[in-house]
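Trainee: Sequence plus predicted model, see below.
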Amino acid sequence: PSWPACLGPPRVFCLLSRHAPQRARHFVSQGMLRRWLAHVTVLASTLSAFTISLARGDESVDMYVGAGCFWHVQKVVNMAEEQVLSRDASNISGVAGYAGGTDSTGSVCYTNYGNKGHTEVVLVKGVPRSRVPDMIRYIWAALFPGGDRSDFINRGPEYRAVLGLPGGVTGEFFDEVNLAQPTGARATLVAGNGNEGDTLGSKTIYVYDTLAFPFHQAELYHQFHDYKHSYEADLIARGDLHETSCANPYEQSVDLYIGAGCFWHVQKTVNKAEEEVLGRDASGVNGIAGYAGGTDNTGSVCYTNYDGKGHTEVVLVRGVPRSRIPDFVAYVWSDLFPGGDRSDSVNRGPEYRAALGIPGGMTSGLLPVIAGAQPAGAAASMA
């Protein structure tokens, strides 16, 4: 066999193989071998530590928090996402829902979550581990000043203070969360077993394992109620928010207002539509004239100042059944918007602009229904 190739004069390190002559081993001193093995050990240790560091640095957590009504909790969580995590419409994640009950059979809805032992919570996804303490400090300062929940108006087990973490009190994130509680706003974090009573006045927060007590998304009409409703459409488009199978007790009928020039003749049309389309009489007709659409709602909005406050004349009608909205719109539009433009051409100016007010505005599920109900030749564009 040929002599093995040697590496690097003048102190050579020869490749050894089972074919190499015995004397080749003398080229590798014991000192050289020890130093080489030491370098390899250090390199392996460094790579291992670097790999672990990368893994921990990339780690993130999904968690939920409850502190009374989830409308204001969602606002605080979304603001924390924006200010602590620098999130925007493209990656905001905090959504309202229910958790903490032992009964998760069937649908968990606003109409039954309390009976199933759940409480109102907000889930936030993908919080980087390194930012968990900052998120906790921000959220606690708003929701748990002094250690107790700030919402003292809503009371009962369905508003108890809770925190959902992977593994609960035995999970790897618990100690970090507990230590991050701000001084003066510390609560006692205890293991939650589900279906607990209210925590108001006790400075206690029940901690649930998110695997044992999963999050159930709330209905769309509960999402982004107090803050940036436009986020709802962004999350729906991303597939991170969806309509649930729960019935909406508030969408069986709709309150809406319409503006199309002077509200005197608009009210006449709306009242006639109530009579002829909805079958209402003196005991049920409710269309009333008013003002809407301005950004200045301070003080009283009156006939003497509504235009200065940016409002227009409208008529509000309450309780229109969803099933009758197409017929109601077809009737009103044919009289107020023939050809797609408002029929009142006498009164002009921003205080007579055409307007429609519906829950959710341009993001409302009612908008396609109303747009599709416009009579042929009387369709207006909506913005």
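Mentor: That came through, no problem. Numbers count the residues shown, from 1 in each chain.
Trainee: Would you mind listing the residues in contact with Leu241?
Mentor: 95, 217, 220, 223, 232, 235 (C-beta atoms under 8 Å, 6 or more residues apart in numbering). (Glycine included, C-beta is placed from N, CA and C.)
Trainee: ok, now how distant is it from Leu278?
Mentor: According to C-beta to C-beta, to the nearest Å, Leu241 and Leu278 sit 33 Å apart.
Trainee: now swap in Val285 and tell me
Mentor: In this view, Val285 and Leu278 are 9 Å apart by C-beta to C-beta.
Trainee: and if you look at Arg238?
Mentor: Separation of Arg238 from Leu278 (C-beta to C-beta): 38 Å.
Trainee: With neighbour numbers in mind, choose between those two.
Mentor: Shown here are Arg238 and Leu278; by other C-beta atoms under 10 Å, Leu278 has more neighbours (17 against 13).
Trainee: State the three-state secondary structure for that one.
Mentor: coil (DSSP: H, G, I helix; E, B strand; the rest coil).
Trainee: Which pLDDT value belongs to the closest residue to it other than its chain neighbours?
Mentor: Nearest residue to Leu278 in three dimensions, chain neighbours excluded: Arg324, at 6.1 Å (C-beta to C-beta, 6 or more residues apart in numbering). The model reports Arg324 with a pLDDT of 86.
Trainee: part of a strand, is Arg324?
Mentor: No: counting by three-state DSSP, Arg324 is not part of a strand but helix.
Trainee: From Ala376, how far out is it?
Mentor: For Arg324, the distance to Ala376 - C-beta to C-beta - is 20 Å.
Trainee: These two: which is more packed in?
Mentor: The neighbour comparison of Arg324 against Ala376 (other C-beta under 10 Å) goes to Arg324, with 16 against 6.
Trainee: correct me, but that one touches Val277?
Mentor: Yes: between Arg324 and Val277 there is a contact at 6.3 Å, judged by C-beta atoms under 8 Å.
Trainee: what's around the nearest residue to Gly201 once chain neighbours are set aside, how many residues?
Mentor: Leaving aside its chain neighbours, Gly201 sits nearest to Asp148 (6.5 Å; criterion: C-beta to C-beta, 6+ apart). Counted with other C-beta under 10 Å, residues neighbouring Asp148 total 20.
Trainee: Isn't Asp148 up against Ile205?
Mentor: No: using C-beta under 8 Å, Asp148 is not in contact with Ile205; the gap is 9.6 Å.
Trainee: Quick check: neighbours shared by the two?
Mentor: The overlap between the contact sets of Asp148 and Ile205 (C-beta under 8 Å, 6+ apart) consists of 161, 187, 199.
Trainee: Tell me both backbone torsions, phi and psi, for the residue nearest to Gly201.
Mentor: Main-chain dihedrals, Asp148, degrees, to the nearest 10: phi -110, psi 160.
Trainee: Does the closest residue to Lys309 other than its chain neighbours lie in a helix or a strand, and which?
Mentor: Leaving aside its sequence neighbours, Lys309 sits nearest to Asp296 (C-beta to C-beta, 6+ apart; 3.9 Å). Counting by DSSP states H and E, no helix or strand carries Asp296.
Trainee: list the buried ones in stretch 372-383?
Mentor: Neighbour counts using 16 or more other C-beta atoms under 10 Å place 373-374, 378, 380 of stretch 372-383 among the buried residues.
Trainee: Tell me the helices and strands packed up against the helix or strand where Glu82 lies.
Mentor: Applying DSSP H and E as the criterion places Glu82 in helix 70-85. Packing contacts for helix 70-85, counted by 3 or more C-beta pairs under 8 Å, 6 or more residues apart in numbering; DSSP states H and E, involve strand 60-66, strand 95-99, strand 119-128, helix 132-143.
Trainee: Going along the chain, name the helices of the stretch 101-250 of the chain.
Mentor: 132-143, 174-180, 230-238 (DSSP state H, counting those that start in this stretch).
Trainee: Could you tell me the angle between the first one and strand 60-66?
Mentor: This points to helix 132-143. 10 degrees (axes from the mean of the first three to the mean of the last three C-alpha atoms, to 10 degrees).
Trainee: Now do helix 132-143, average pLDDT.
Mentor: pLDDT averaged over helix 132-143 gives 96.
Trainee: Tell me what angle that helix forms with helix 70-85.
Mentor: Inter-element angle recorded for helix 132-143 and helix 70-85: 140 degrees (by the same axes, to 10 degrees).
Trainee: who's in contact with the most centrally placed residue in the chain?
Mentor: Residue closest to the mean C-alpha point of the chain, counted by C-alpha atoms, centre = their mean, is Val95 at 2.7 Å. By C-beta under 8 Å, 6+ apart, Val95 lies in contact with 74, 122-123, 217-218, 223, 235, 240-241.
Trainee: Can you say which of these are buried?
Mentor: Among the contacts of Val95, those classed as buried by 16+ other C-beta under 10 Å are 74, 122-123, 217-218, 223, 235, 241.
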